[in-house]
Each structure stands twice: as structure tokens, then as C-alpha cells.
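**Q** Got a sequence here, can you model it:
(2 chains)
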Amino acid sequence: MSINRQAYNAIQAVVGERYISEDPAVMTGYRSGPAGYENGTGYERVMTVLPHAVCLPKNTEEILKVVKICNRFDVPYVPYSTGFYGPRTHCHVENELIIDMKRHNEFDIDVKHFYYNVGTGVTLASCQQEAFNAGAYAVIGGGGAQCSAICNLIGDGWSPLSHRIGLPHRRILGTELVLPDGDYVEMGSLAVSDDPFWGEGPGPDLRGLLRGFTGLRGCLGIVTKMAIKTLPFQPETLVPTGIAPNTALALPDKRIKWNNYLVPNKAAQVKAMFEIGHAEIAAACTKVPKFWRAIAKAEDKEEFWKLWLVENEESIRDFFIVRVLLIGYTSEDDMIYQEKVLNDIMAEVGGTQTRTKPSDESWLKNADSAGMWLMCGSYVSVDYIIESMTQAVQHGSTYAELKKKYTPPLMPDFGDPGWFQNFELGHQGYSEFLIYWDHREDVNGVDQFYVDTSKMNIKHRYYTSLLGPHQPLFLTGPMYGPNYHTWLLKVKEEFDPKWVSHPPVPLAHDDFVNRAPWMQEIKDWEVPNPLPMRQW
Amino acid sequence: MSVVDQKLGDRYDTPKTPVAFDISNLKNFVYDMQHCIKCKGCYWVEHSYNPGVKFNVRCSSNFYNDFDAYGAMGKMRIGLGVEEGKLKWTDKLLEILYACTLCGACDVGCKRNLDLEIELSLEALRVQAVKDGAAPLPAHKKIYENIVKKNNIFGATENRAKWVTADVKVAAKADVLYFAGCSASYVNQDIAQATAKIFKATGTPFMMLKDEKCCGNVPFSAGMFDDAKKIAQANVAAVKATGAKTLVTSCAECYRMWKVDYPKMLDIATSDLGFEVLHLIEFADKALADGKLKLTKPVDMRFTYHDACSVGRLCDAWVPYKGERGWMGMIYPGLRRRRGRQGLYKQSRNLLNAIPGATFAELVRVRENAFCCGGGRGAKQAFPDYAKVTGNHRFEEIQSIGAEAIISACPWCKSQFSEIAKENGDNVKAMDIAELIAASVEI
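**A** Next up, the predicted model:
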């Protein structure tokens, strides 16, 4: 059985012969694993298959027509663009079509009103450079500068720059959406005019359906175009320097500067971050895991481990860094003012300034999480929460404890509590937990750790951002709702009654747990049998 | 299951597996192919250098065809499929593999983050294609026949040293040996003559091989490992027999063969060749610094420069490696990986900035991020459409700079840009850096 021949021909008529293929070699190019974000896990091995066909539509009109054909001929499809985000954006069922939208690369910027309109195939790095050229900037999501801007914003979209710029959904203005059944919707102010200036439009704000915090991974249709808010930046040029892997943006030190402070304890770290937010200074305020510093210093894998294995539980436990990016947005005097305020705060909490380079390697333009594969070969951010600042730091510590149980196969990190940072000037605290392993090993523990993470969050009442299709819905939904799962499934049924849009999301992780024998020992929640979804 | 025993020096118990960079065996690169994370660092211009929404791609193959299979991330997955016997050789698979100049953009892009040997994996995959009888492609077979019968890739029958006009003095014996290569000998003779002029201006006597033969870059790139190795052995022996201390070439492709691919095939280090290998850029840059080369004659021209792949990201010296891989994929003994940092970026710009009277404007994608011209390594002969798309795209970038001339350090780039300019009805002049330097020399 394969994709209906009439459907294939109809899609070919839309995109053109050059832009559709079912050749086995071409399909192999769309294999999810064996390495990459979340790849090498059981989820990837159990839940992903090669597509039957891939098409490359050029614009919204073509995407819309392809989706209508899929509905007409009952062809399941997966939206896909820059292709970085691991198995959850690859095919989960047989005879599926990948709608690869990298050719939809329209971009125009409204310099006066500080936003840009972007198609699905444009990366964050490109958008940021265009914004820089226009005296503006936006967030480069932590997922990486190589990600599609749209894809990133309907998913995570945050980074240390969210300290000032804010959470991603607040930056989404007009949005163009092809619903799962091929209907076309414009949201935000696009719903009433051609001016995508306001995120909110008349009636219910459908952007909420797109995202949760981490999006629905294509199970509710395809965002084909988006207007993204930018903010005014400082005027100096950031000059790229160096040859890979030692590339960076040279910073004009009177306008942009990273500042590193070591503080005596966790309480001082939280207080410093809170006060920085309260004073409304800084562009970013973050605590990085110590192993990131080793990644940044290391030339290669071997050097990383040489640097990292001198650490121990004590050295990690006593490491409290606050990294602060200052930007003199309006003037050099602005920068001087912020530095003075920062110094006062750090004096109050007992912070000691340490050396930093006058360059940016990671956040202004070239966020590149790909470096995280250097040391082990496999990686995933298994959880991130957006909470109060005090709750966020507790999350990191609890998590470090849980992780010990699964090390190995997870890499030894000596109890590092992960990322911790300010969002929205301290109104939100953010904790992110990253795990690393070698996928050549027995990695069943990684899959179990994923689910144990959900249980830990439920037990400690942490508000995870990965509530949607990243964890078993029937485990998390009753605990976070109490009817979050039924609500989500009703939305799915309403908008995608045929379940053609990236099945079996949002029940994919439930399906995985059912299908993976090594997950049965930790499956202690109630699940309907069969799962309430169409069977493929 | 691996454990970390910090009391013992040897911390790891993951079984060790052998590591070798011998491209004649695809199995040597299974780890590399298994560890591509699809970040597409192989595809995009490095993020710090990303120029915006235009000219932001570095992979010519995936620019030519948008399916992921054409990028290195797809080819790594295809390579695994071939190695595991899950994919059969088809015309489409061969097109994916060979509509690519092996320009190395993917390799250095990957090594920004990871330690994977992408270029070597691609080379090994082509060797496998030949072993399996799926390759060489007809165009490559023809070129190889030309080399065997006529010693040049064109099948030309005239005297290879025809470019040596009366004003060119070739010494019978000298420390420096000039290797002109097929293109400068038959098609771009201006380059060879300009090179001779530079030797003369610096007071450097040079000799040549009595019977210079093709460097073999097309058969090597096509995966014809055994045939290319024979060419390498013969050429290296011929140069050694002359007693030359330094081989200088003005061809980027020849340079990469002599400096990197010959040692790779012969399983020796570049430093063990028995003679030094220099591109003209290196030779002239040193001469300029030493005061032996004086660039005094003004050249009234606004030009730009194309970093040819083989004098850029691909020319790090070769060092053979054999070791073991263990816990977390670490290799023992340690290795300073080839990341393209020995590219002749600085040397070329030293020269270009020293040309009096001229205005040098950089392209958008430069140095390790340069977009290939599409003219090299046999890809053009096998897939002319790919070469045309690639060349046109780079030419569009050249036009965006408003340059009167495009300078490169490779005769294949010169030919490609000349052709593209002509097809576009544009009068942008394609020149080699040797010609530009020679134009600024007063003899």
C-alpha cells in the first residue's frame, strides 16, 4: 500500500514534477535518526518511519492545495521546513507525505513599525541579520539559529534574550494558517485587514491553539506565514570574526557587553536576577550549566571530557554564576547607567566579576545548540518549565536528583541543575534540563527518564512547558487540567476529524509507551484501550 | 554499559573500535554517518556570517536540488543505507551523490560543532559506488580514458607545454618545480604564462616535469581510488626524481591533489611527500612579504575575489590517522582535526590588497563560507545542469557587488565564470589571481 496514485499525481500537478519525489534515496534523506535532537531514543526507533513521498511547495497557495488533496485522498502528512527538530517532526505512520516548506522563503521587513513577515523556510539567523540591518532585533531561539523562524515561534522560541524581549507568543503578530482540512485562516490583525500589526484580532485568538508553550508539532495544521515583532537595537555593527569553530560577533564594548559574576550561593543568584529584572536593566540574565563553559572552551570531544572530568559534585554544587548581557540601546550613557546599577546589585549580593570576551558566540545571532552534540553524540532538552523564579530553581535541584538514577546511560554531570534564567524582567523564572548520552549504548533508561520527568513534575507541581505532545497525554492531562487531555482531543477532532495532520500526535507519546516493551514497567497511569484516535 | 571510574586513569569500559581515515573502506565512516544530527550546518552559511535572506546557503548541491537528500545530512543517511545494504544504486542515487563538487563546505560547516568526517564519508561513498560497479559515470569514464591515452582530461593531442612561449624561461634544474595542470596547459594558458612572469619578477628559476601528466582529480573525485592512486604514485615519483624542493602550482584543484589527496591515497603525511607543495598564492605572498615581489603597476579596476574551495577550506595538510574509538565516541590517540583553518584566505587578500590602483570588494560569502562555482571535480561534465545553476547563483552574487572582474585562484573557476558571464551577456571579466598579480608587475 502506498499513497494513492491519484493523490500523488494531483500533488505533482500543484508543485511541479521537480518538487515531488517518492524515490527511496530521496526518502532516506528524510530519515529522522539515527542521530540528532531526541534521536537515538526509543521514541525515534519505535515511532518514526520513512515518508512515502515528499513535496516541496513554494507558497501558501500550493501548501493549501496539497493539504486539500491530502484530505480528499486520505493521505496523512507532516509539515516540515528547516528540518532540525528531531523525530517529532518526522513521519510516524506508514505511507505518509512530508510537506517540506523550505522553498517558501518570502521575507519582508517593515522598518518603521518594527516587524517582519516571514515564510516557513527562513531561518532565525537570516531574520536576525535582516533585523540588524534595519536597526532592530528579535530573539534567536535556543533551538538554534538554523531553525525556521515560524517553526521556532510556534514551538519554543525563547532564549536568554527573553529577559527583555519576552516570551515568543507575545511577538507573534499576524499569522496565516492552513488548517488540517485545508481551510485558510488569517489571525491577528490580518483577520480584518492587510496590516499584520496586532497579535490580537476579533473573536477568539486562535494563536493559543497553535502553541501551548511548545506547540503541537503539526497536528493542527500548518502556519505558512507570520508577522514577527522586532524591537529597537543599538546602532553599531556587529562584525563577524574568526574561522569555525571559533567564530563570533565582535561587540562594540561601549554598547554591548557580556558580564560574568560569580555569587556566593543560590539565594544570591536568585536575588541578583530578581533585582536585575526589578531595575529593568540588561538584555539577558542567565545561569549556564557549567558543562556549557567546557563546550565553549573545548576544541573537540576529547578536550571537552578532559576539561569536564576534573569537576565533581562539590565543584558543581558550589558554582553560582550570573551572566548578564548589557546593551546600551539608546546611548553609551544608557550602557554606563546599566553597568552602575548592575555593579550595585552585585555588590549587594557579594558577586565577583570574572573575565569575559568582548564577543558574542551564542545568543545575539548565532545560537547554535548543535554544539551540544559534541561531547556524547546524543542530546535532548528533556524538560523546561516557566515558573516563578523561586520555583524554577527548585526544579533544577529536584531534577538533578532524579537524573542520578539514570546515570548511566546519561552522561556524568555531577548533579548540575541545568539552565536557570530570567524571563520578562524576572516576572518568570525558567529552568531547562538537558541530558546527554551516547546512542550506541543501551538507552532504554533515557526513554524511562522522559516519563519519570513527567511524574516528577506532577509530584512537585512544576508547570512543564512540554505538556503537549512530548509526554504521554493520558499521564499529564488529568493532572494538569483536570481535563487538559479531553480538551486537546476535542480540539483535534474538531479541526482534524480525519487525523491526517501529523498522526498520531497529540497521542504519539502515549502510543510509544504502549508499543515499547521497556516502558511497561513504569506505566502506572490509566490509558484507554485502544487510544481514542484513528488507527493507521 | 559504560561507567566512569575516576580513580583509574582509564575511565571507560565501552568496547573500543578501530578508527581509520582510509576512504577505500566505507565502514571506516559509519560512526560519522551515524552521528549527523541534521543541524544543517552543512547547508547554511555559518550563523555569525549569515548575511540575511539572500546568499545564505553554502551547499551548492542542496541549492541545486532542495530535497534534504542532496545536502550532506541526507547523504550521510544515504551512506548508511548503502553500507547496510538497504539502498540500491540507482540513477537518482548517483545523481544525488555526484551532482556535487566535493567542495568541502559541508565538512567545515559540520566541524563547527561536531568532529565528523563528512568530506571523507562522501569520498568513501563514491569509492563504494565504483567498487559496486555503479560508477564511474560515463562522463568520468571518458575523462579517465583521456588521461590514460593523452595524459590530460580534455583528450587534447597537442603539446602540453605549448604555453611555454619564447619569453618563458624554464630551467633544466631548479629548486622550484612548476606544475601547470591540464587547464592552464591547454585552456587557460594565460595563467601559466602569468605564473612564469611572477617567477621571473621574483628572480625564481623554475623547472617543469618533462612529461607533465594530469593530477587525476576527476578520477579521484569519481571514486576511482585504485586508478587515482596509480596516478598519484607516478606523479610523486616523477617529482621526486627531479630533486625539486618545492612544487608550485597555480591550479587549486592540482594543489589539493598534491597536498591532500595524494598523501591521503598513499597513506603518508603531506610532510612526508619529500617536497613542499605550494599554491602560487603562498609563493607570491611570501615573495611580497620578503620584498622579492613588487606590485607597482597600477591596475584600474574594481574587482572581487572568489575563494576557490581547494585553496580554502579543503587544503589543510593531510596527516594519516589510525586509532580507537571508545566511551562517548572519543578517539585515542587524540587528533587535531582538519577544519579548513589552513585555507589560503589571508595570503590571497594580502596580495589582492597590494594591487595598486585597484579596488577590492569582498563577496557576500567569503573564506570558508564561499559558495562553490560548480566547475570542478568532474561534476560539471557529469551534471552540466547542476554546474549551471551553481555557477549562475555565484555569478548573481558577483553582480550584486558591482565588480568589473571576478578573480579566483583556480583555472576551473575562471573557465566557469567566463562561461557564465558570456551566457548572461555580462562583461564581467573572469581572471586568475596570477594574471592580476602579473598585471601589476613591471618587468
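**Q** what's the spacing between the nearest residue to residue A:136 once chain neighbours are set aside and residue A:326?
**A** Closest residue to residue A:136 apart from its sequence neighbours, by CB to CB, 6 or more residues apart in numbering or on different chains: residue A:230 at 3.8 Å. From N, CA and C alone the C-beta is placed, and that goes for glycine too. Separation of residue A:230 from residue A:326 (CB to CB, to the nearest Å): 20 Å.
**Q** returning to that earlier point: ok, the residue nearest to residue A:136 - contacts?
**A** For residue A:230, the contact set (CB atoms under 8 Å, 6 or more residues apart in numbering or on different chains) comprises A:109, A:114-116, A:131, A:134, A:136-138.
**Q** Just those: which are in helices?
**A** Cross-referencing the contacts of residue A:230 against helices under DSSP state H gives residue A:131.
**Q** For the contacts of residue A:230, please prepare CSV with the additional fields neighbour count, pLDDT and distance to residue A:444.
**A** Formatted as CSV, the contacts of residue A:230 follow (neighbours: other CB atoms under 10 Å in any protein chain shown; pLDDT from 0 to 100; distance: CB to CB, whole Å):
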residue, neighbour count, pLDDT, distance to residue A:444
A:109, 21, 97, 48
A:114, 19, 95, 49
A:115, 24, 96, 46
A:116, 25, 96, 44
A:131, 23, 97, 44
A:134, 17, 97, 50
A:136, 20, 97, 47
A:137, 25, 96, 43
A:138, 26, 94, 40
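**Q** follow-up on the earlier one: distance of the residue nearest to residue A:136 from chain B?
**A** 14 Å (CB to the nearest CB, to the nearest Å).
**Q** Per-residue pLDDT of that residue, please?
**A** What the model reports as pLDDT for residue A:230 is 96.
**Q** And for the residue in the stretch 1-150 of chain A that chain B sits nearest to, the neighbour number?
**A** Taking CB to the nearest CB as the measure, the stretch 1-150 of chain A has residue A:29 as its residue closest to chain B, at 2.9 Å. Neighbourhood size, residue A:29 [other CB atoms under 10 Å in any protein chain shown]: 27.
**Q** before we move on, what about the one 4 residues further on?
**A** Per other CB under 10 Å, the neighbour tally for residue A:33 reads 23.
**Q** Next: the one 3 residues further on.
**A** Residue A:36 has 29 neighbours, counted by other CB under 10 Å.
**Q** Tell me who's in contact with it.
**A** With CB under 8 Å, 6+ apart, residue A:36 has these contacts: A:84, A:86, A:373, B:36-39.
**Q** Now the closest residue to it other than its chain neighbours: which helix or strand?
**A** Excluding the flanking residues, the one nearest residue A:36 by CB to CB, 6+ apart is residue B:37, at 3.9 Å. Following DSSP states H and E, there is no helix or strand that holds residue B:37.
**Q** can you redo the contacts of residue A:36 as JSON lines with neighbour count and pLDDT?
**A** Converted to JSON lines, the contacts of residue A:36 look like this (neighbours: other CB atoms under 10 Å in any protein chain shown; pLDDT from 0 to 100):
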{"residue": "A:84", "neighbour count": "23", "pLDDT": "81"}
{"residue": "A:86", "neighbour count": "23", "pLDDT": "87"}
{"residue": "A:373", "neighbour count": "25", "pLDDT": "86"}
{"residue": "B:36", "neighbour count": "31", "pLDDT": "94"}
{"residue": "B:37", "neighbour count": "28", "pLDDT": "92"}
{"residue": "B:38", "neighbour count": "31", "pLDDT": "92"}
{"residue": "B:39", "neighbour count": "30", "pLDDT": "91"}
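**Q** So which residue is smack in the middle of the chain?
**A** Here I'm looking at chain A. Compute the mean C-alpha point of chain A, and by CA atoms, centre = their mean the closest residue is residue A:156, 3.7 Å away.
**Q** ah, I was thinking of chain B
**A** Centroid-nearest residue in chain B, with CA atoms, centre = their mean: residue B:310, separated by 2.4 Å.
**Q** so that one sits in a helix?
**A** Yes - with DSSP: H, G, I helix; E, B strand; the rest coil as the criterion, residue B:310 is part of a helix.
**Q** Confirm for me that it is in contact with residue B:250.
**A** No - the pair residue B:310 and residue B:250 does not pass the contact test of CB atoms under 8 Å, sitting 12.0 Å apart.
**Q** burial measure for residue A:292, as a count.
**A** 15.
**Q** Now name the helix or strand holding it.
**A** Assigned by DSSP H and E, residue A:292 falls within helix A:290-297.
**Q** between whichever helix or strand comes after that helix and helix A:290-297, what angle do the directions make?
**A** Counting by DSSP H and E, the next helix or strand C-terminal to helix A:290-297 is helix A:301-308. Using axes from the mean of the first three to the mean of the last three CA atoms, to 10 degrees, the inter-axis angle of helix A:301-308 relative to helix A:290-297 is 130 degrees.
**Q** and for helix A:301-308, what are the contacting residues?
**A** A:291, A:294-295, A:297-298, A:374-375, B:115, B:328-331, B:334-335.
**Q** Recalculate using a threshold of 10 Å.
**A** Applying CB atoms under 10 Å, 6 or more residues apart in numbering or on different chains, the contact partners of helix A:301-308 are A:290-291, A:293-298, A:300, A:371, A:373-377, A:411-414, B:4, B:11-12, B:114-115, B:327-335, B:337.
**Q** Which of the residues you listed are buried? Put it as a ChimeraX command.
**A** Typed into ChimeraX, the line below selects the buried ones among the contacts of helix A:301-308, using 16 or more other CB atoms under 10 Å in any protein chain shown:
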select /A:290,291,293,294,295,298,300,371,373,374,375,376,377,411,412,413,414 /B:4,11,12,114,115,327,328,329,330,331,337
